[in-house]
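Asker: everything below, folded, please.
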Amino acid sequence: METISSYMSGDHHRCDELFAQAEAAASGQDWAAIATDLHAFLDSMHHHFKMEEEVLFPAFEQRTGMTMGPTQVMRMEHVQMRELFDAMADAVKQQDRDEFLGQAETLLVMMQQHNMKEEQMLYHMADQALAGETAETLQKMRAVGA
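Answerer: Okay, the predicted model is just below:
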C-alpha cells in the first residue's frame, strides 16, 4: 500500500530532477530554454506546496491538534522558497546567469534541508496520524490542481 511518505518523497525527487534540469540549462545561452525549464520546475514546486498546504497539513493538524509545530515551520520555509523562485524568475527575465545560479544555489541548500525534515520526520508523523485516511488523503492530494 502506498504511503504519504512514499508518495510525497517521490514527488520531491520529481521536483529535484526538474530543478537539476533548469540549473543545467543555465549553463547554456538559450534563455528561452532556461525559462521553459525553470517554468516546469516552478510549476512542480507550486503544485507540491499546494498538496501540502491545502490537503496534507490541514488533515495532519486536524488529526493531531498540532498547528504550531512542524507544519508551521514548513509553511514558513515555503514562503522563503517562493521568494527565491521569484528571484530566479527575475534573473531569467534579466538574462543574468550569475544571479540565477546564486539564487539556485541558495534554493538547493534550502530544499535539501526542507526535504530532509519532511521525509525523515513530518511525512512519517503524517503516515501514523492519518493511517486510517491514507487512501482518501492521497486521492485528495492527487486531485489538487497545479
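Asker: and residue 123, what does it touch?
Answerer: Under the criterion of Cβ atoms under 8 Å, 6 or more residues apart in numbering, the neighbours of residue 123 are 3, 4, 5, 8, 9. Any C-beta I mention is one placed from the backbone N, CA and C, and that applies to glycine too.
Asker: excluding sequence neighbours, find me the nearest residue to the last one.
Answerer: Right, residue 9. Excluding the flanking residues, the one nearest residue 9 by Cβ to Cβ, 6 or more residues apart in numbering is residue 119, at 5.1 Å.
Asker: now the one you found, what are its backbone angles?
Answerer: Residue 119 adopts backbone torsions of phi -70, psi -30, taken as degrees, to the nearest 10.
Asker: residues contacting it?
Answerer: When contacts are counted by Cβ under 8 Å, 6+ apart, residue 119 touches 5, 8, 9, 12.
Asker: distance check, it against residue 36.
Answerer: Residue 119 is 28 Å from residue 36, where distance means Cβ to Cβ, to the nearest Å.
Asker: ok, longest helix in this structure?
Answerer: Counting residues, the longest helix found in the chain (DSSP state H) is helix 70-93.
Asker: what comes into contact with whichever helix or strand comes after that one?
Answerer: Scanning forward in sequence from helix 70-93 by DSSP states H and E, the next helix or strand is helix 97-117. Helix 97-117 has contacts (Cβ under 8 Å, 6+ apart) with 12, 15-16, 19, 22-23, 26, 34, 70, 73-74, 77, 80-81, 84-85, 87-88, 90-92.
Asker: just read off the phi/psi values of the residue in the chain sticking out farthest from the centre.
Answerer: Centroid-distance maximum for the chain: residue 29 at 27.1 Å, with Cα atoms, centre = their mean. Taking degrees, to the nearest 10, you get phi -110, psi 0 for the backbone angles of residue 29.
Asker: got a pLDDT number for it?
Answerer: pLDDT recorded at residue 29 is 85.
Asker: same check on residue 146?
Answerer: pLDDT, read off for residue 146, is 57.
Asker: in the longest helix of the chain, what's buried?
Answerer: 70-71, 74, 77-78, 81, 84-85, 87-89, 91-92 (16 or more other Cβ atoms under 10 Å).
Asker: understood, closing this out.
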